[in-house]
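> Sequence plus predicted model, see below.
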Amino acid sequence: MEYFVQQLINGLTLGSIYGLIAIGYTMVYGIIGMINFAHGDIFMIGAFIALAMFLILTSVLGFAFLPVVLLIVLIVSMVFTSAWGWTVERLAYRPLRGSFRLAPLITAIGMSILLQNFVRVSQGARVKPLPPQIQGGVTLFEGNTQTGAIVVQLSYMQLIIIVTTVVLMAGFTLLINKTALGRAQRACEQDRKMAALLGVNVDRTISLTFVMGAALAAVAGFMFLLLYGVIDFYIGFLAGIKAFTAAVLGGIGSLPGAMLGGLLIGLIEVFWSGYFTVEYKDVAAFSILAIVLIFLPSGLLGKPEVEKV
């Protein structure tokens with residue numbers, strides 16, 4: 001039981017990161033019907049910006065008060081990563097918006113490769129380490145197993161990740177449902193031409209959607225850096241594929257579905273690694289995705305597409 005609870009905490013932590021990245025996929029798909037395969041690499045760039053800013057503040061400028069340092073790093077990472085997201089949309093996707101459906105998809109894959117290699121060349125291919133910054137945790141309970149005593153602990157870092165994810169999810173739900181930008185996004189999702197006729201600035205709405213997705217990816221990259229302490233140029237591809245899987249599993253186009261899918265992918269990976277073998281955790285995640293899509297083609301919370309005639 002103790003081992004199960006510890007793996008549950010680990011799975012929720014990993015799933016929260018996947019969910020934040022998956023929201024970016026599902027928001028873009030909901031509005032323009034395009035899979036932004038470069039989104040995982042935006043997450044990777046967010047992690048690198050966070051690491052660079054942290055080292056500048058602590059090593060160069062001599063800041064020592066950790067909460068202030070982390071807050072500045074988070075804000076700067078979100079701002080610069082959002083700028084990257086806007087640039088990718090403006091240069092690579094907007095000119096192809098009226099083109100055939102495969103063109104943006106091919107461009108997205110090309111942008112992913114471009115961003116990966118840009119970071120590899122500019123930052124090097126070696127992993128970049130960061131010593132643990134937030135240590136300690138809360139001991140929930142202890143127990144004994146056949147292999148010895150086991151302590152179920154919720155680390156402060158895991159607690160921060162889970163709480164941050166819940167707060168951001170609640171904030172984005174309110175933003176989509178209660179604000180003028182949210183109404184514009186939902187209008188563009190329903191019918192972009194009609195939204196434009198009614199006075200909605202479609203280009204601006206789509207650009208802001210990319211910016212919001214990139215900001216969430218920056219938060220995920222920052223938390224990934226603090227949790228694992230190592231990053232490289234390839235983490236964006238792997239995390240992006242997992243987050244895309246999460247978005248499809250939960251129902252592409254659904255914000256709660258993206259978060260639910262992220263949590264499920266995280267739990268599947270962690271439980272499979274803990275109880276079976278770590279080599280096949282990806283196989284387990286993709287197999288469960290295939291099984292779910294056989295019975296629920298729109299995902300767990302997705303709505304079936306209705307063709308307009």
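That came through fine.

> In PDB, list the C-alpha atoms belonging to the helix or strand hosting residue 162.
Residue 162 belongs to helix 156-178 when assigned by DSSP states H and E. Output in PDB follows, covering the C-alpha atoms of helix 156-178 (Å, rounded to 0.1, in the frame of the first residue of the first chain):
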ATOM      1  CA  TYR A 156       8.000  20.200  -1.500                       C
ATOM      2  CA  MET A 157       8.900  20.200  -5.300                       C
ATOM      3  CA  GLN A 158       6.200  17.700  -6.100                       C
ATOM      4  CA  LEU A 159       3.700  19.700  -4.000                       C
ATOM      5  CA  ILE A 160       4.600  22.900  -5.800                       C
ATOM      6  CA  ILE A 161       4.200  21.200  -9.200                       C
ATOM      7  CA  ILE A 162       0.700  19.800  -8.300                       C
ATOM      8  CA  VAL A 163      -0.600  23.000  -6.700                       C
ATOM      9  CA  THR A 164       0.800  25.100  -9.600                       C
ATOM     10  CA  THR A 165      -0.900  22.900 -12.200                       C
ATOM     11  CA  VAL A 166      -4.300  23.000 -10.400                       C
ATOM     12  CA  VAL A 167      -4.100  26.800 -10.100                       C
ATOM     13  CA  LEU A 168      -3.100  27.300 -13.800                       C
ATOM     14  CA  MET A 169      -5.800  24.900 -14.900                       C
ATOM     15  CA  ALA A 170      -8.500  26.700 -12.900                       C
ATOM     16  CA  GLY A 171      -7.200  30.100 -14.200                       C
ATOM     17  CA  PHE A 172      -7.200  29.000 -17.800                       C
ATOM     18  CA  THR A 173     -10.700  27.500 -17.400                       C
ATOM     19  CA  LEU A 174     -12.000  30.900 -16.100                       C
ATOM     20  CA  LEU A 175     -10.100  32.700 -18.900                       C
ATOM     21  CA  ILE A 176     -11.700  30.600 -21.600                       C
ATOM     22  CA  ASN A 177     -15.200  30.700 -20.100                       C
ATOM     23  CA  LYS A 178     -15.400  34.200 -18.600                       C
END
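
> buried ones in it?
157-158, 160-162, 164-165, 168-169, 172, 176 (16 or more other C-beta atoms under 10 Å). No exception for glycine: its C-beta is placed from N, CA and C like everyone else's.

> Any stretches of the stretch 101-250 of the chain with poor pLDDT?
Within the stretch 101-250 of the chain, no stretch falls below the threshold (pLDDT under 70).

> What are the boundaries of the helices in it?
For the stretch 101-250 of the chain, the helices defined by DSSP state H, counting those that start in this stretch cover 102-123, 156-178, 180-190, 192-197, 202-228, 235-250.

> Serialize those to a markdown table and add fields for distance to residue 55.
Putting these into a markdown table (distance: least, C-beta to C-beta, whole Å) gives the following:
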| stretch | distance to residue 55 |
| --- | --- |
| helix 102-123 | 12 |
| helix 156-178 | 19 |
| helix 180-190 | 35 |
| helix 192-197 | 43 |
| helix 202-228 | 11 |
| helix 235-250 | 18 |
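
> Residue 260: which of those helices is closest?
With C-beta to C-beta as the criterion, residue 260 lies closest to helix 235-250 of the helices of the stretch 101-250 of the chain, at 4.5 Å.

> what's the farthest-apart pair in the buried residues of helix 156-178?
157 and 176 (28.5 Å).

> who are the neighbours in contact with residue 208?
By C-beta atoms under 8 Å, 6 or more residues apart in numbering, the residues touching residue 208 are residue 181.

> do you know how far it is from residue 245?
26 Å (C-beta to C-beta, to the nearest Å).

> can you check residue 17 too?
From residue 17 to residue 245 the distance is 14 Å (C-beta to C-beta).

> what's the answer for residue 22, then?
Taking C-beta to C-beta, one finds residue 22 at 8 Å from residue 245.

> Now list whatever residues contact both of these two.
Shared contacts of residue 22 and residue 245, defined by C-beta under 8 Å, 6+ apart, comprise residue 261.

> Between these two, which is the more surrounded one?
A count of neighbours by other C-beta atoms under 10 Å puts residue 22 above the other of residue 22 and residue 245, at 36 against 23.

> isn't that one right up against residue 260?
No - contact criterion C-beta atoms under 8 Å: residue 22 and residue 260 do not qualify, at 9.4 Å.

> could you say which helix or strand contains residue 53?
Assigned by DSSP H and E, residue 53 belongs to helix 39-55.
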